[in-house]
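Enquirer: Let's see this in three dimensions:
(2 chains)
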Amino acid sequence: MPKLIASRLLTSILALLGAAAFAFIAIRVAPGDAARLTLGAFATDEAIASLRVEMGLDRPLPVQFWIYLQDFVTGDWGRSYSLGQPVSQLLASRFPATLELGLYAFAMAFSAALAMALWGAHRQTPFSERLPQRLALFALGVPQFWFGLVSLMIGFELLGLFPGPVGRLPPGMDAPGGPTGLFTIDALLVGEIGTFAAAFHHLILPAATLALLPFGFLYRLLRANLADMSDASFALVARAHGQSRLRVLLKTLLPNAIIPTLTASGLIFGQLLAGSVLVERVFNWPGAGALVTQGVLTQDYSVVQTFILLSAAVYIVTNLLVDIVAALIDPRLRSGGLQR
Amino acid sequence: MEQGGYRSLRIPAVLCLALAAVVLGGGLFWPLDPLAMDFTTTLAAPSLAHPMGTDATGRDVLARFLAGGRLSLLVGTVVMFGGLVPGALLGLLAARTGGALDLILMRIIDGIAAFPPILLAMAVAIGLGGGLWTAVLGVAISTLPFYARLMRSEVLRVQSYPFVEAAESMGASPGFILVWHIAPHAGSTMLVQSASVFGYAIITLAGLGFVGLGAQIPTPEWGVMITGGMQYALTGQWWLTIFPGFGILFAVVATNLLADRLSDVLGGRGDA
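Expert: Reported below is the predicted structural model:
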C-alpha cells in the first residue's frame, strides 16, 4: 500500500509538472508577450517593462519556469489589471457561487443518470432502454451555452416559471449572512426560508444546464457497468437463491457498478469547471467561470491563466485521491494486477 | 445491445450525408451573401424572403447558417486529421520503442489530458493571440491524448497476439508487421475515435466562439452567431439563437451516433 501511494504520488507530480510546462509554453513562450497579456492592451510601455522584470521575463526560460511554478504553488497568481485585485482574492470571493452551482449540477446529473440506468436495467423494454440512450445522446451533443439560452427563452420568457438571468438571487434581495457562502445552505442555517426558496429557484436552470454533460457521461458509464455485470456469476447465484430481480439489481449489482464511476470523479470535476465558464456567462452567475469569460472578453488574462492551470491541478489531485480510495476499498487494485 | 450489423449504420449515415448535402449544397440554392448588411430589414422574423429571418444588421440568417455549417465541417475535418496524425504517431512511437521514451511521451500526454479540453484550447488560443485558427490548433492539441493513448494500447494489444510473434519468427520486418498486422486492427478503432472527435471539435469551437476566442465577430460561425443573438434571445428574436444551435446539435448528434454505431459494429472504442 505505501508503495502504491508513493508511485501514484510520483506519477501525479510528473503529470502536474507536465501540465504546468504545457501552460507555461502555451502562454509564456508563445509569440504573444506575457506581460502584455497580463496588463492588457492599453498598458503603457513602462508598466510592461517593469512587469517583465518583476515576472522574470528577462531571465532564461528554465529560471522563468521555476519562478512560474513557485508563484503557482505559493498562491501568488498576480493581479487583475481591470479589477485591480489579486487573482487569489478574486477567485476565492467568486468560488462559493461556482461550488454551489457545481454541487447542484452534480447532484442532478448523478441522480438522473442513476435513475435512468436502473430503470433501463430493470424494465429491459425497448422504450426504457432507448429513451435514456437518446437523452444521453442529446445531453452529450447539445452545446451547453445554447441549451441554457433556450431554457431561459422557454422557462423564463415564454412560461414565466423561472427567474431570468439575474444571478443567484432576485435583484434587491440580500445574501444570507452565513459561513459557507453557499446561499441555499446559509439561508437554512440562519433560518431564512424565503431566501432559501429564492436561491434554490435561481439555481434550477443553470444547474440543469451544467448537469447535461456529466449526466450523459455518467449514464453511459453506469449502464455499461450494469450490463457487464448482469451476467456475472455472483448475480446468477443471487438470483438462483430466489432473490427478486430488483433486489439483485439494487443490492448486488448496483454497489459494484457505482465504484468504477468513482474513478471518473476527476473527469466530472473538469467537466463542471469547464462548463461553468460557458454556463455562468449565460445566466450572469457571479462565479469563477464568469470571471474567466470576462477576463477573455476584456483581454485581462491573469485570472484566465490561473483558472486553467488550477483546473488541471484539481483533475490530477482528484485522480490521485480517488486511486488511493479505490485501492482502500478494493484489495485487487493494491497488487497493481488490475490496473485500468 | 443492438447488433444490427452494418444496417445499424444506416440512420447515422443518412443523417451525416443530409448534413453535408444541406450545408455544402445549400449555397447553390441560396446564394445570398452571409456578410451583406441591409439596414432596411433588421431583425426581421422568418419569412419567405428570409426563411431564418435577419439579424441586427439585416444579414440573412439562412446564408450565415449555411456558411457557418461549411466552416464547422471544415474545422471538424481539420481537427480530426490534425489530431489523428500526430496523436497516432505518438502512440505508435511510444508503444514500439517502450522504455524511457514511452514513459516520457505518455507523461506529456498525461499532462495535456489533465486540462479540461476546452480550457486547454483556450490557453493555446490566448497564447497565440486568439482567432479561429489558433483555437482550431488548441482543440487539435486537446485531442492528442484521445488518439495517442488509444493507439498505444491498440499497438500493445496487437503486438501481444501469437500471430505477430509467428510473423516475427518467420523474419517479418517491423514495417511489414506495422502495415499488415497493426494498421488493420488499430485502423477501425482510430476511425471510431475520429468520428467522435469530429463532433467534439464542432461543439468545442462553438463554445470558444461563444466566449470570444474562436472565430471573430463578422465571421459566420455557429457559436459566434449564438453569441450575437444572445442579447435578443429574451426580447423575442428567437431565430438568431435557435437556428445555429440546432445546426450544432444536429451535426454533433449525427457524428456521435455514427461513432457509437461504428464502435458497436467494429468493436472499437472501449474494447481495447
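Enquirer: How about the closest residue to chain A within chain B: what's its closest non-neighbour residue?
Expert: Using Cβ to the nearest Cβ, the single residue of chain B nearest to chain A is residue B:111, 2.3 Å away. C-beta coordinates here come from the backbone N, C-alpha and C atoms, glycine included. Nearest residue to residue B:111, sequence neighbours excluded (Cβ to Cβ, 6 or more residues apart in numbering or on different chains): residue A:18, at 2.3 Å.
Enquirer: quick check, residue A:12 in a strand?
Expert: No: in this structure, residue A:12 is helix, not part of a strand, as judged by DSSP: H, G, I helix; E, B strand; the rest coil.
Enquirer: looking at it, it is touching residue A:317, isn't it?
Expert: Yes: between residue A:12 and residue A:317 a contact is recorded at 7.2 Å, counting by Cβ atoms under 8 Å.
Enquirer: Compare the two (neighbour count), which wins?
Expert: residue A:12 (19 against 15; other Cβ atoms under 10 Å in any protein chain shown).
Enquirer: contacting residues for residue B:217?
Expert: For residue B:217, the contact set (Cβ atoms under 8 Å, 6 or more residues apart in numbering or on different chains) comprises B:224, B:228.
Enquirer: how about it, secondary structure?
Expert: Under three-state DSSP, residue B:217 comes out as coil.
Enquirer: Okay, now the unreliable bits of the chain?
Expert: In the absence of a named chain, chain A is used. Within chain A, the stretches with pLDDT under 70 are A:28-34, A:36-38, A:40-41, A:55, A:333-340.
Enquirer: actually it's chain B I care about, not the one you picked
Expert: Using pLDDT under 70, chain B drops low at B:1-5, B:36, B:43-44, B:267-272.
Enquirer: Show me where it has its helices.
Expert: B:10-29, B:61-97, B:99-113, B:117-127, B:132-159, B:162-169, B:174-177, B:183-210, B:222-233, B:239-266 (DSSP state H).
Enquirer: quick check: domain ranges of chain A?
Expert: A:14-86, A:87-297 (automatic domain parsing).
Enquirer: most packed of those domains?
Expert: domain A:87-297 (a mean of 19; mean count of other Cβ atoms under 10 Å in any protein chain shown).
Enquirer: How far away from the center of its chain is that domain?
Expert: 10 Å (Cα atoms, centre = their mean, to the nearest Å).
Enquirer: how far does that domain stretch from start to finish?
Expert: 17 Å (Cα to Cα, to the nearest Å).
Enquirer: which other residues reach stretch A:147-162?
Expert: Counting by Cβ under 8 Å, 6+ apart, A:163-165, A:201, A:204-206, A:208-209, A:212, A:278-279, A:282-283, B:226, B:230, B:233-234, B:236, B:238, B:241-242, B:245 sit against stretch A:147-162.
Enquirer: rewinding a little: may I see the domains of chain A organised as JSON lines, with distance to residue B:154 added?
Expert: Compiled in JSON lines, the domains of chain A are given as follows (distance: least, Cβ to Cβ, whole Å):
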{"stretch": "domain A:14-86", "distance to residue B:154": "22"}
{"stretch": "domain A:87-297", "distance to residue B:154": "19"}
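Enquirer: of all those, which lies closest to residue B:162?
Expert: Nearest of those to residue B:162, taken as Cβ to Cβ: domain A:87-297 at 26.6 Å.
Enquirer: Now the stretch 1-150 of chain A against chain B: closest residue?
Expert: Closest point on the stretch 1-150 of chain A to chain B, by Cβ to the nearest Cβ, is residue A:18, at 2.3 Å.
Enquirer: what's the spacing between that residue and residue B:85?
Expert: Using Cβ to Cβ, to the nearest Å, residue A:18 is found at 22 Å from residue B:85.
Enquirer: picking that back up, check which helix or strand the residue of the stretch 1-150 of chain A closest to chain B maps to.
Expert: Taking DSSP states H and E as the criterion, residue A:18 maps to helix A:2-24.
Enquirer: so what does that helix touch, helix or strand wise?
Expert: helix A:61-73, helix A:301-329, helix B:99-113, helix B:117-127 (3 or more Cβ pairs under 8 Å, 6 or more residues apart in numbering or on different chains; DSSP states H and E).
Enquirer: Apply 6 Å and report the result again.
Expert: When contacts are defined as 3 or more Cβ pairs under 6 Å, 6 or more residues apart in numbering or on different chains; DSSP states H and E, helix A:2-24 sits against helix A:61-73, helix A:301-329, helix B:99-113.
Enquirer: need the residues of the stretch 201-340 of chain A near chain B, please.
Expert: Counting by Cβ under 6 Å from any Cβ of the partner chain, the residues of the stretch 201-340 of chain A close to chain B are A:270, A:274, A:278, A:293, A:296-297, A:301, A:308, A:311-312, A:315-316.
Enquirer: among those residues, which two are most distant?
Expert: Greatest spatial distance in these: A:297 and A:316, 28.6 Å, computed using Cβ to Cβ.
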